[in-house]
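Q: Fold the following for me, if possible:
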Amino acid sequence: MTVAISIRAAQAKSTVDVVTTFLARIRALADDPGTLDLTFGNPHEMALPGFTDAVRAQIEPRSVDWFGYKASERVAQEAVAAGLSAELGLPFEPEDIAMTQGAFGAISLAFALLTDAADEVVIPAPGWFCYEPTLHAVNLVPVRAALDPATFDLDLDAIAGAITPRTRIVIVNSPANPTGRIYSKQTWDALADVLERASHTHGRRIWLLSDEPYRRIRFDGLDFASPAASYPWTVIDYSYGKVLLTPGQRLGYLALSPLIPTDEREELRDALMPLGLAIGWGFPDAVMQYSVPALEKLSIDLAELTRKRDRLYGALTDAGLEVTRPEGTFYLWGRAPGGDAVAFCDALAERGVYVMPGTLFDQPQHFRISLTATMEMIEAALPHLLDVIAASRGEAA
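A: Numbers count the residues shown, from 1 in each chain. Predicted structure coming up:
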């Protein structure tokens, strides 16, 4: 007797079980007021007033079809194209933009747009833990390309070595989750050369999916470069849930690089709406789309986020931990004392402090801390972090 679920469903479930199990454990603690949850990038303070004002302003209907079926609303496409053009210095047009249910929806749309069953997709390691199950769920094959183990830079040789005749997409993420690294224009130019050569070698265009949900969360005034300016065959996914810290309000987009050759770009544009429908009506809700022009101007407090990063980074490095100083995102990525992230995280959990073990990223020696916790939570957690670090070395607490 066969099992009920499909093979691809079983593969997706098996690769994401470590995440869902961990999430269930954290949710079970949600009602405990003493819990210090530094795991996922969830809000721990009330939403930005500008966000609630923007959404509230669109609730009152202005026409009979205000809450009717919506694909990509023109007002949202125009706002995104203008914002992207200003940010990236590329001439995006509204027709290049497909509004989606967050970056998840944009990534799913990219897979539907560019791949066929059994195609391979190269993903960074460590990288976002949902790439692999999302690929399995649509009959695609994830292939990992390790980042540089010391710096977490892109390893171009590893990417080149992961490419085969079945490769259709390479995914890159900058600023990167979980490491916080931002990659330079020089890196993108070099990657473009790798992908161009591989495309010619295998007689098949390899696309680049630039996963950019943290693009506007950067520290120390650092610049941002998108690979869309270096490699024409690039599509960009984005989510407003990060910069606004509203992950439960699903709003994002997939953008086509305006450097894509004209004929290919037109073919892709024509497919965006039909495929948005085909993947399960992947468009954002009406009110969220109407709010985009106002939301484009909003951001979480980057100065306060910097203060939290510096407080935690300084305390942990002073305690002797090896921690990657994040250039972007709202995460801190470090090597657990003794190289055992599960033991480290379990010892913290016994004290009511929860951080994410690197096992969720298939990196059992590392851990991730979310800086979306309040400063009060961070200050309360620090003594426990330092005590556990000292205890792991046999030192007095």
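
Q: Do a quick rundown of the strands in this structure.
A: With DSSP state E as the criterion, the chain has strands at 36-38, 97-100, 120-125, 141-146, 167-173, 207-211, 234-239, 252-256, 323-324, 331-335, 353-357, 366-370.

Q: how about the helices of the stretch 1-150 of the chain, start to end?
A: Secondary structure of the stretch 1-150 of the chain (DSSP state H, counting those that start in this stretch): helices at 7-27, 49-56, 74-88, 102-114, 131-137.

Q: Which of the helices and strands in the chain ranks last by mean pLDDT?
A: The weakest-scoring helix or strand in the chain, judged by mean pLDDT, DSSP states H and E, is helix 7-27 (a mean of 92).

Q: now the angle from that helix to strand 353-357?
A: Helix 7-27 and strand 353-357 are oriented at 160 degrees to each other (axes from the mean of the first three to the mean of the last three C-alpha atoms, to 10 degrees).

Q: List the buried residues for helix 7-27?
A: Neighbour-count burial for helix 7-27 flags 8, 11-12, 15-16, 19, 22, 26 (criterion: 16 or more other C-beta atoms under 10 Å). Yep, even glycine has a C-beta here, placed from its N, CA and C like the rest.

Q: Please apply the same query to stretch 321-332.
A: Buried residues in stretch 321-332, counted by 16+ other C-beta under 10 Å: 321, 323-324, 326-332.

Q: Now do the end-to-end distance for that stretch.
A: Stretch 321-332 has its terminal residues 12 Å apart, counting by C-alpha to C-alpha, to the nearest Å.

Q: for that stretch, the distance to its chain's centre please.
A: A distance of 15 Å separates the centroid of the chain from that of stretch 321-332, by C-alpha atoms, centre = their mean, to the nearest Å.

Q: Also stretch 281-296?
A: Centre-to-centre, stretch 281-296 and its host chain are 19 Å apart (C-alpha atoms, centre = their mean).

Q: what's in contact with that stretch?
A: Stretch 281-296 is contacted from outside by 50-51, 53-55, 57-59, 66-68, 70-73, 75-76, 79-80, 82-83, 99-101, 105, 108-109, 240, 244, 249-252, 276, using C-beta atoms under 8 Å, 6 or more residues apart in numbering.

Q: from those, which would you call buried?
A: Counted by 16+ other C-beta under 10 Å, these give 51, 54-55, 58, 70-73, 76, 79-80, 83, 99-101, 105, 108-109, 240, 244, 249-252, 276 as buried.

Q: which one is Arg181 nearest to, not counting chain neighbours?
A: Leaving aside its sequence neighbours, Arg181 sits nearest to Phe152 (C-beta to C-beta, 6 or more residues apart in numbering; 5.0 Å).
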